[in-house]
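Visitor: My questions are about this predicted structure, shown below with the sequence.
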Amino acid sequence: MANIDEELSLLDAHLRRLKIEYEIYFSNPKKKPPTDLEWKVLNLLRKFSDGARMSFTQRYRYTELAQRYAIYSDLWRKKARIREEGYRRPQDALLSVQGVRSQEREEHKVYGVSAAALATVSGANPQGEFFRVQCSDVSNERERVEKLYRALADAKQKSGKNIGANFDNFASFVQKKTAEIRKQYGCDSVEFTVEFQGSDVRLKAKAKT
């Protein structure tokens, strides 16, 4: 039986091949979409979506692959819409994201990957909320803290900065801040958000009942 690293490598290979197959499909009107290969990609993404059996490194790699697929699938969906409806503007013939009519923009999520996160990965200049998570008993919520740490590190990197703390120090900070806010407001949990404010990245915490 293949181990997790081998299956993630297989997912990466399938995703690379799927991108090529879709490029061929959109350049050839008689070609059928690569639905069988896409099913294999989706099957692997679903298999590891809970992250329960993966290490931190493996979860990080899986997240990158899931985000890449989300970006690709959003592009393919828009291209397919243009292909089905016809080219209503000259630039639509390029089958690019920019060729999609502005009123058709919508949030696209795949396995919990938000549009804001996708914008960051794809090189856009995001503003506002980037990531959100709730914590109540941090000592038993390592996976949530890891996701928060990874999101903050990614956002900082996007802004050309360093997170400035290792995971253990960050986890201690989150645990202390969660305890302080729960005690101060008598709340059940604390919501942490990573936000873009201009060129800065902010980590915010607020009480949640």
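Guide: Looks like it arrived, so ask away. Numbers count the residues shown, from 1 in each chain.

Visitor: Which parts of this structure are helices?
Guide: All helices of the chain, identified by DSSP state H, fall at 4-27, 35-47, 56-85, 115-121, 142-158, 167-185.

Visitor: Tell me which of the ones you listed sits nearest to residue 201.
Guide: Closest to residue 201 of the helices of the chain, according to CB to CB: helix 142-158, at 4.5 Å. All C-beta atoms are positioned from the backbone trio N, CA, C, and that covers glycine.

Visitor: Can you name the residues in contact with the closest one?
Guide: Contact with helix 142-158 is made by 51, 56, 59-60, 63, 117, 120, 126, 130-131, 133-135, 138, 162-163, 167, 170-171, 174, 192, 194, 196, 201, 203, as judged by CB atoms under 8 Å, 6 or more residues apart in numbering.

Visitor: between it and helix 56-85, how big is the angle?
Guide: Compare the direction of helix 142-158 with that of helix 56-85 by axes from the mean of the first three to the mean of the last three CA atoms, to 10 degrees and you get 70 degrees.

Visitor: what ranges of the chain fall below the confidence cut-off?
Guide: In the prediction, the chain carries residues with pLDDT under 70 at positions 1-2, 51-52, 83-129, 198-199.

Visitor: domain parsing for it?
Guide: Annotated domains of the chain cover 1-104, 125-209 [automatic domain parsing].

Visitor: what's the spacing between the first one and its chain's center?
Guide: Mean-position distance between domain 1-104 and its chain equals 13 Å (CA atoms, centre = their mean, to the nearest Å).

Visitor: likewise the last one?
Guide: Centroid separation for domain 125-209 versus its chain: 16 Å, with CA atoms, centre = their mean.
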